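Student: Dropping a prediction and its sequence here:
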Amino acid sequence: MANIEKRGENTYRLTAYAGYDSSGKQLKKRKTVKLKVGLTDKQRDKELNRLATLFDDEVEKGLYLDGDKITFREVAQMWLEHVQKRHAPKTLATYKSRLTDRIIPALGHIKLSKIQPHHLEGFYDSLEKEGVRLDAKYSPTVKLGDVLNQFTAIALAEKTSINERTIRKIKNKHSTNYKTAEKLCVSLNLKFKDMFKPCGKTKLSEKSIRHHHDVVRTVLSFAVKRNLITTNPAQRVDFEKMPEYEASYYDETDITTLCEALRSEPIMYRTLIYLAIDSGMRTGEITGLLWSDIDFETGYVTVTKQRQYVNGYGIIIKEPKTKSGKRILTLSATVTSMLKEYYEEQKRNLEKIDAQWSESLEVFTHADGVPIYPGRPHQWFTGFLKRHNLKKITFHQLRHTNASLMIAAGVDMVTLANRLGHADSNITQSTYAHIIRSKEKQAANVMDMFYTKTTATAKKIERIG
């Protein structure tokens, strides 16, 4: 059995032996345990013997890992392997991205037993700084243009070790990412703020920082379960309460303007936008639709899958997150008719180029029948709004627009949750709480009008009397 050594008040160190190394040196594994306060001598001895036996067994079976020697990077890799088959590819890709891009570079070298809340808090503070967003862009200023015009692109590429093609783009006033912009400024001894201006958001949102914390906390919880550490330091990090999320959406006036602008657009994109507003379907559900999923007679559309691009996997077809994601929606007569018209046009166009057509073909395709890229709806919609100078929202927020219309029409939460594919109507209630509140205010106004009318009637009767 493992040796037991008293180290402090109620703490003991267990030492077990794990054979010998190649040089004949005996290998030891150590673990510190803490007992409850107030145990009798008999209870203490019994508990220590139990823990020592368990520790011996863990070491013998190779189940015990030493948190004093294993780094966060190593346990993160163990955790990823553990959850490999438990999560969808897109979820795994998101975890890997957060770990690889930011978490491991900051925390990966630290031994597990040494990680404290202040390490994590320092990391989260760093995520609030400029340049953390990997998708952020920075445009060159006039001052930078004056500096770069003094050199050829080849000379700048040699001086800065930046690709010549990238240098030419910057010289032609194209935006670039933070790392490239910073590298250019450091190489030429220039002040970043004078040379580049941010294009849109350049810092991580509070929600995104919280997502990084969730990954760190989960990895460390895994380490606790594997007896690498006794407690999870991430659970001792305090965050301020997140502000209530309010989904952006178009109101009826915005939709009217949008539909007017759509009249001049290609039928495929016109149909795609109308379908998003009409059904509230997710982007991946729309791009994954087949013609066989649509019943023109009943106006039903059957949702059974999502088509997504996942970094490291390519384009994948997957089932919805939950069972409730599989559903049958009823489309409006207007959108059903629009889909029928688009269906006929797509069929005619493919016949013209002798391309094969079938009911199993994706609904939204290029002219040659190749399905559109899963991110294409968002890309096209963003450009469309800019061309027509319309209020900026994302393609996904057309889903919120649908929900706002349903709420305004008095659709109950259970029905709305079923249409949106939410697993629980409480999710729907929480997501659209601000819209519901605005409708409640309208209800209060209706009551005010009723009371005003009632009072006026009463006064009229009193005068007559």
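Tutor: Perfect, thanks for sending it.
Student: so which strand or helix has residue 79?
Tutor: helix 72-83 (DSSP states H and E).
Student: now do residue 309
Tutor: strand 306-310.
Student: Pull out the buried residues from the very next helix or strand once past that strand.
Tutor: Counting by DSSP H and E, the next helix or strand C-terminal to strand 306-310 is strand 314-318. For strand 314-318, burial by neighbour count (16 or more other Cβ atoms under 10 Å) applies to residue 316. For glycine as for every other residue, the C-beta is placed from the backbone atoms N, C-alpha and C.
Student: Note down every partner strand of the following helix or strand past strand 314-318 and its orientation.
Tutor: Moving toward the C-terminus from strand 314-318, the next helix or strand (DSSP H and E) is strand 327-330. Strand 327-330 has the following sheet partners, assigned by DSSP bridges: strand 300-303 (antiparallel).
Student: Name the residues that touch the strand it pairs with?
Tutor: Identification of contacts with strand 300-303 by Cβ atoms under 8 Å, 6 or more residues apart in numbering yields 279, 281, 285, 289, 293-295, 320, 325-331, 421.
Student: Return the member of these nearest to residue 371.
Tutor: Residue 371 lies nearest to residue 289 out of the contacts of strand 300-303, by Cβ to Cβ, at 9.9 Å.
Student: Check the gap between the nearest residue to the closest one once chain neighbours are set aside and residue 338 for me.
Tutor: Once flanking residues are discounted, residue 289 sits nearest to residue 363: 4.4 Å by Cβ to Cβ, 6 or more residues apart in numbering. Between residue 363 and residue 338 the distance is 12 Å, computed by Cβ to Cβ, to the nearest Å.
Student: more neighbours, these two?
Tutor: Shown here are residue 363 and residue 338; by other Cβ atoms under 10 Å, residue 363 has more neighbours (24 against 18).
Student: which ones are touching that one?
Tutor: By Cβ under 8 Å, 6+ apart, residue 363 lies in contact with 286, 289, 290, 291, 293, 294, 339.
Student: could you measure the fifth one against residue 47, distance?
Tutor: With distances taken as Cβ to Cβ, residue 293 is found 61 Å from residue 47.
Student: Pick out whichever of the two has more residues nearby.
Tutor: Set residue 293 next to residue 47 and count neighbours by other Cβ under 10 Å: residue 293 wins out with 19 against 15.
Student: Backbone dihedrals for residue 201, please?
Tutor: phi -70, psi 130 (degrees, to the nearest 10).
Student: To what extent is it buried, counted in neighbours?
Tutor: 11.
Student: confidence score at it?
Tutor: For residue 201, the pLDDT comes out at 75.
Student: So, low pLDDT: which residues of the stretch 1-150 of the chain?
Tutor: Residue ranges of the stretch 1-150 of the chain with pLDDT under 70: 21-22, 62-67.
Student: can you pull out the helices in it?
Tutor: Secondary structure of the stretch 1-150 of the chain (DSSP state H, counting those that start in this stretch): helices at 41-60, 72-83, 89-98, 104-107, 117-126, 142-148.
Student: other SSEs contacting the strand holding residue 309?
Tutor: Counting contacts by 3 or more Cβ pairs under 8 Å, 6 or more residues apart in numbering; DSSP states H and E, strand 306-310 is packed against helix 89-98, helix 283-287, strand 314-318.
Student: so what strands line up beside that strand?
Tutor: Applying DSSP bridges, one finds strand 306-310 paired with strand 314-318 (antiparallel).
Student: Quick one, which of the contacts of strand 300-303 are buried?
Tutor: 279, 281, 285, 289, 293, 294, 320, 325, 327, 329, 331, 421.
Student: Redo these as a markdown table? Include pLDDT and distance to residue 238.
Tutor: Output for these, formatted as a markdown table (pLDDT from 0 to 100; distance: Cβ to Cβ, whole Å):
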| residue | pLDDT | distance to residue 238 |
| --- | --- | --- |
| 279 | 94 | 41 |
| 281 | 94 | 39 |
| 285 | 95 | 38 |
| 289 | 96 | 45 |
| 293 | 96 | 47 |
| 294 | 96 | 50 |
| 320 | 83 | 35 |
| 325 | 88 | 35 |
| 327 | 93 | 40 |
| 329 | 94 | 43 |
| 331 | 94 | 47 |
| 421 | 87 | 34 |
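Student: where's the nearest residue to residue 250 once chain neighbours are set aside relative to residue 294, distance?
Tutor: Distance criterion Cβ to Cβ, 6+ apart; nearest residue to residue 250, sequence neighbours excluded, is residue 401 at 4.6 Å. According to Cβ to Cβ, residue 401 stands 21 Å off from residue 294.
Student: Can you measure across stretch 198-207, start residue to end residue?
Tutor: 21 Å (Cα to Cα, to the nearest Å).
Student: same thing with stretch 402-414?
Tutor: Distance between the two ends of stretch 402-414: 15 Å, counting by Cα to Cα.
Student: before we move on, what about stretch 418-426?
Tutor: With Cα to Cα applied, stretch 418-426 spans 12 Å between its terminal residues.
Student: quick one: the helices in the stretch 201-350 of the chain?
Tutor: Assigned by DSSP H, counting those that start in this stretch, the stretch 201-350 of the chain shows helices spanning 206-225, 252-262, 267-279, 283-287, 333-352.
Student: Also compute the angle for the third one relative to helix 333-352, please.
Tutor: Using axes from the mean of the first three to the mean of the last three Cα atoms, to 10 degrees, the direction of helix 267-279 lies 150 degrees away from that of helix 333-352.
Student: Name the residues that touch helix 267-279?
Tutor: Contacts for helix 267-279 (Cβ under 8 Å, 6+ apart): 255, 258-259, 262-263, 281, 286, 301, 329, 331-332, 334-335, 338-339, 341-342, 345-346, 364-365, 377, 380-381, 384, 395, 398-399, 401-402, 405, 419.
Student: which residues touch residue 136?
Tutor: Residue 136 is in contact with 177, 178, 198, 199, 200, 201, 202, 203, counting by Cβ under 8 Å, 6+ apart.
Student: ok, now residue 351?
Tutor: Listed by Cβ under 8 Å, 6+ apart, the contact partners of residue 351 are residue 357.
Student: ok, residue 87 touching residue 95?
Tutor: Yes: contact criterion Cβ atoms under 8 Å: residue 87 and residue 95 qualify, at 7.4 Å.
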